[in-house]
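Chemist: got a sequence here, can you model it:
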Amino acid sequence: MDEVKVGVIAGSGMGEALAEEGGEAITVETPFGPPASPIVKTRWEGTDVFVLQRHGPRHAFNPSAVPYRANVCALKQLGVTHVLASAAVGSLREDVQPGELMILDQLIDRTLGRPRTFFDAAAVHVEFAEPFCPVMRRWLIEAADRLSGGGANEQSDQRRVHRQGTMMVMEGPSFSTRAESRMYRQWGGDVIGMTGLPEARLAREAEMAYASLAMPTDYDSWKPGEAASESLLEEILGNLQVAVASSLSLVREALRHTGRLRREASPAHRALDHAIWTQKADIDPAEVQRLQPLWGRHFPTHDAG
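Modeler: Numbering: from 1, shown residues only. As a prediction, this is how the structure comes out:
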């Protein structure tokens, strides 16, 4: 790949931290309306980086109301090739402690009623067995290995990084009941969050590589003997600050070494090659044109009318 452009979809805590670093604010209009926030273009370690606050400035959108389609489409329109998302989560495992990090490799969808696709007017079926880009996951794991080896400046900020894990994505906005939390553990969830989907699926439809860095802030509600909800929320906020500092260190270390992203193709970049099942001639030309930023390379100009 000649040029790598990294989009950062910053979740709770991370968005506020990155907003303080400044850059060029870009306003983008998409076929799905405006994204949750202006996108801040900056340059980290020699790579163009586009930062979007998932929940908007001052956390304006709850997880159900986040404009996921507009967020992902806006990054695509700016030429982003790789998306790195962050998410504050609850831990469903004793050995995944608050303040640590997890490079996710799987998702379980428990959301309700959120838009699940860009392509409402056609049958588009992307493969999603591996919801996170394997190239980006290796890239993040290598950065974590360098940090744990003591070779980077931010080593003092770094906590344990789990190399894989499954996120249970719930609708929210309230947290789980204790019975639900225990059920999710039995299902194989390692952490639980509210924003991983449909975001990851939409990134796949947009043919952008996508990876997610989860930041555990608490033990959800499965663990007996936890404090009352007011104290738990205070604990979440405190652990979030620790996790954000650690995740920023990891992201910066990864961006110092983007060679893997440049030389190794992501399967996501060709996700639509065999995924558009509706005969292209049968798709409304106006819809083809409306979604040109997303599937334009699969429709030669003359096909759009």
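
Chemist: ok, which stretches of this structure are helices?
Modeler: Using DSSP state H, the helices of the chain run over residues 14-19, 68-77, 134-148, 178-186, 199-205, 229-255, 259-263, 285-290, 292-295.

Chemist: any figure for the gap between the closest residue to residue 299 other than its chain neighbours and residue 203?
Modeler: Distances taken as CB to CB, 6 or more residues apart in numbering place residue 288 nearest to residue 299, at 5.2 Å, with adjacent residues excluded. To be clear about C-beta, it is placed using only N, CA and C from the backbone, and glycine gets the same treatment. To residue 203, residue 288 is 21 Å away according to CB to CB, to the nearest Å.

Chemist: so between the two, which is more surrounded?
Modeler: residue 203 (30 against 19; other CB atoms under 10 Å).

Chemist: now do the same contact list for the most centrally placed residue in the chain.
Modeler: When the chain is reduced to its mean C-alpha position, the closest residue under CA atoms, centre = their mean turns out to be residue 85, at 2.9 Å. Residues in contact with residue 85 (CB atoms under 8 Å, 6 or more residues apart in numbering) are 8, 9, 11, 54, 195, 196, 199, 200, 210, 211, 212, 213.

Chemist: quick check: pLDDT value at it.
Modeler: Looking at residue 85, its pLDDT is 98.

Chemist: give the bridge partners for it, please.
Modeler: Here residue 85 sits in beta bridges with residue 9, residue 212, as judged by DSSP bridges.

Chemist: can you tell me how far it is from residue 192?
Modeler: Where residue 192 is concerned, residue 85 sits at a distance of 16 Å (CB to CB).

Chemist: what's in contact with stretch 124-135?
Modeler: Outside of stretch 124-135, the residues that reach it under the criterion CB under 8 Å, 6+ apart are 82, 104-107, 117-118, 200-201, 204-205, 209-212, 260-261, 264-268, 271-272, 275-278, 295.

Chemist: ok, the nearest residue to residue 99 once chain neighbours are set aside - how many residues close by?
Modeler: Nearest non-adjacent residue to residue 99, counting by CB to CB, 6+ apart: residue 242, 4.2 Å away. Using other CB under 10 Å, the number of residues around residue 242 comes to 17.

Chemist: swap in residue 287?
Modeler: 16.

Chemist: show the pLDDT at the nearest residue to it once chain neighbours are set aside.
Modeler: Setting aside the residues directly before and after it, residue 287 is nearest to residue 121 in space (CB to CB, 6+ apart), at 4.6 Å. In the predicted model, residue 121 carries a pLDDT score of 97.

Chemist: ok, residue 121 touching residue 288?
Modeler: No - under the contact definition of CB atoms under 8 Å, residue 121 does not touch residue 288, with a separation of 9.3 Å.

Chemist: separation between residue 194 and residue 265?
Modeler: Taken as CB to CB, the span from residue 194 to residue 265 is 32 Å.

Chemist: quick one, which of the two is more surrounded?
Modeler: More neighbours surround residue 194 than the other of residue 194 and residue 265, with 26 against 12 (other CB under 10 Å).

Chemist: check contacts around that one.
Modeler: When contacts are counted by CB under 8 Å, 6+ apart, residue 194 is found next to 63, 169, 170, 171, 172, 173.

Chemist: okay, now the first one: neighbour count?
Modeler: Read it as residue 63. Residue 63, neighbours per other CB under 10 Å, totals 22.

Chemist: might one say that residue 102 is in contact with residue 159?
Modeler: No - using CB under 8 Å as the test, residue 102 is too far from residue 159 to be in contact (10.7 Å).

Chemist: higher neighbour count, those two?
Modeler: Between residue 102 and residue 159, counted using other CB under 10 Å, residue 102 has the larger neighbour count: 26 against 20.

Chemist: so who does that one touch?
Modeler: Counted by CB under 8 Å, 6+ apart, residue 102 has contacts 89, 96, 161, 162, 164, 165, 190, 191, 213, 214, 215, 216.

Chemist: now the strands for the stretch 51-200 of the chain?
Modeler: In the stretch 51-200 of the chain, the strands defined using DSSP state E, counting those that start in this stretch lie at 82-91, 101-103, 106-110, 161-162, 166-170, 191-193.

Chemist: quick one: mean pLDDT for the fifth one?
Modeler: Mean pLDDT, strand 166-170: 99.

Chemist: tell me how far that strand lies from the chain's centre.
Modeler: 13 Å (CA atoms, centre = their mean, to the nearest Å).

Chemist: who are the packing partners of that strand?
Modeler: The elements that strand 166-170 packs onto, with contact taken as 3 or more CB pairs under 8 Å, 6 or more residues apart in numbering; DSSP states H and E, are strand 106-110, helix 178-186, strand 191-193.

Chemist: cool, thanks, talk later.
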